[in-house]
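Asks: Here's my sequence, what's the structure:
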Amino acid sequence: MIPTLSDPGNVPGRREEHDPQTGFHPRDRHDALRPDAPPETLATPAPETPFGALVVGLDGSPQSRAALRWAVAEARTRDVVVDVVPLAEDHEGWLDEALGATGDEVEVRTVAERGDPATVLLAHATAAQLLVLGHIGGRLDDVARRCTEHARCPVVLVPVAGR
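Replies: This next block holds a predicted model:
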């Protein structure tokens with residue numbers, strides 16, 4: 001006899017019964033969405049990044065400054081915060097200059113953390129609407145490649161004007 005999928009008891013490979021109160025199967029992938037699920041099974045955003053922020057990696061290069069300008073313009077249309085993650089340790093001079101050029105219409109915050117640039121960006125972009133990076137064109141550098149491969153949010157690569 002061939003089991004039918006219309007009867008939950010006949011699903012091949014399933015031996016346990018569904019919980020009669022919640023309707024969840026013990027190994028159901030959606031258990032983490034249950035209101036009574038243990039806290040450790042729920043995804044939590046990085047504490048420094050509010051849900052929905054635009055996260056920008058800034059290293060002082062012309063392409064990263066173009067990414068910041070694009071992110072500020074996009075944040076204005078979305079009415080969200082921009083979190084700037086400086087990726088160079090010697091960022092004091094150029095960071096203030098770059099942030100000063102953004103204007104006052106959008107809240108721009110600096111989220112500084114030392115470490116591998118791609119790892120830091122990915123951690124701060126966990127709950128972001130977008131991760132925004134500058135891009136010269138051609139092949140992706142290691143940071144951009146890793147971010148596009150592993151980010152949980154969309155990644156925008158902004159080219160430098162005129163290239």
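Asks: Was I right to think Ala125 contacts His150?
Replies: No. Using Cβ atoms under 8 Å, Ala125 makes no contact with His150, being 9.6 Å away. Backbone N, C-alpha and C define where each C-beta goes, glycine included.
Asks: between these two, who's got more neighbours?
Replies: Ala125 (29 against 13; other Cβ atoms under 10 Å).
Asks: Run through the residues that contact the more buried one.
Replies: 49, 55, 131, 147, 151-153 (Cβ atoms under 8 Å, 6 or more residues apart in numbering).
Asks: excluding its backbone neighbours, what's nearest it?
Replies: With Cβ to Cβ, 6 or more residues apart in numbering as the criterion, Ala125 has its nearest non-adjacent residue at 4.1 Å, and that residue is Leu131.
Asks: Just say helix, strand or coil for that neighbour.
Replies: Per DSSP: H, G, I helix; E, B strand; the rest coil, the secondary structure class of Leu131 is strand.
Asks: what's across from the residue nearest to Leu130 when sequence neighbours are not counted in the sheet?
Replies: In space, and not counting its chain neighbours, Leu130 is closest to Leu54: 5.0 Å by Cβ to Cβ, 6+ apart. Applying DSSP bridges to Leu54 gives these bridge partners: Val82, Leu130.
Asks: roughly how far apart are Leu54 and Glu74?
Replies: 6 Å (Cβ to Cβ, to the nearest Å).
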